[in-house]
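*Asks:* quick check, what structure comes out for this input:
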Amino acid sequence: MAEVVVYGADWCGDCRRSEALLKALNVEYEKKDVEQSAEFTEEARNISGRTNIPVIVFTDGKFLVEPTDPELHAELTLRNLI
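*Replies:* Residues are numbered from 1 along each chain as shown. Prediction:
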């Protein structure tokens, strides 16, 4: 299981930006495309209580919604993922 799960969509600029940062930092993640699955859409909504994406979830249950690159970087550093 990946340390990071990203709920997002290809059309979402914030999703693409967060995924680009994860790739640049060589962080393994699982992508759950909310456009392709109503189940993933519902999972993201249940986690965050919102409809905004991306929702980025860590194995300890912490999640971020629409994080900036510095916010995401800080969480990855805190979890020793980079």
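
*Asks:* who's in contact with stretch 6-16?
*Replies:* 18-19, 22, 29-35, 40-41, 43-44, 47, 53-57, 66 (Cβ atoms under 8 Å, 6 or more residues apart in numbering). C-beta here means a position set from N, CA and C on the backbone, and glycine is covered the same way.

*Asks:* let's see that stretch as PDB, backbone CA atoms only.
*Replies:* Backbone C-alpha positions of stretch 6-16 (Å, rounded to 0.1, in the frame of the first residue of the first chain) are rendered in PDB as follows:
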ATOM      1  CA  VAL A   6      -4.300  11.300  -4.000                       C
ATOM      2  CA  TYR A   7      -7.900  11.700  -4.800                       C
ATOM      3  CA  GLY A   8      -8.100  14.000  -7.800                       C
ATOM      4  CA  ALA A   9      -8.800  14.400 -11.500                       C
ATOM      5  CA  ASP A  10      -6.800  15.000 -14.600                       C
ATOM      6  CA  TRP A  11      -8.500  18.300 -15.400                       C
ATOM      7  CA  CYS A  12      -7.700  19.700 -11.900                       C
ATOM      8  CA  GLY A  13      -4.700  22.100 -11.900                       C
ATOM      9  CA  ASP A  14      -4.100  21.700  -8.200                       C
ATOM     10  CA  CYS A  15      -4.100  18.000  -8.500                       C
ATOM     11  CA  ARG A  16      -1.600  18.000 -11.400                       C
END
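
*Asks:* what about it, average pLDDT?
*Replies:* Across stretch 6-16, pLDDT averages out at 97.

*Asks:* still on that earlier bit, mind listing which of the contacts of stretch 6-16 are in strands?
*Replies:* Of the contacts of stretch 6-16, the ones assigned to strands by DSSP state E are Y29, E30, K31, K32, D33, V55, I56, V57.

*Asks:* of the residues you listed, just the buried ones, PyMOL syntax please.
*Replies:* To isolate the buried members of those in PyMOL, using 16 or more other Cβ atoms under 10 Å:
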select buried, resi 29+31+32+33+55+56+57
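
*Asks:* turn the ones in strands among the contacts of stretch 6-16 into JSON lines, including pLDDT and distance to A2.
*Replies:* Output for these, formatted as JSON lines (pLDDT from 0 to 100; distance: Cβ to Cβ, whole Å):
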{"residue": "Y29", "pLDDT": "97", "distance to A2": "5"}
{"residue": "E30", "pLDDT": "97", "distance to A2": "4"}
{"residue": "K31", "pLDDT": "97", "distance to A2": "9"}
{"residue": "K32", "pLDDT": "98", "distance to A2": "10"}
{"residue": "D33", "pLDDT": "98", "distance to A2": "15"}
{"residue": "V55", "pLDDT": "98", "distance to A2": "14"}
{"residue": "I56", "pLDDT": "98", "distance to A2": "11"}
{"residue": "V57", "pLDDT": "97", "distance to A2": "10"}
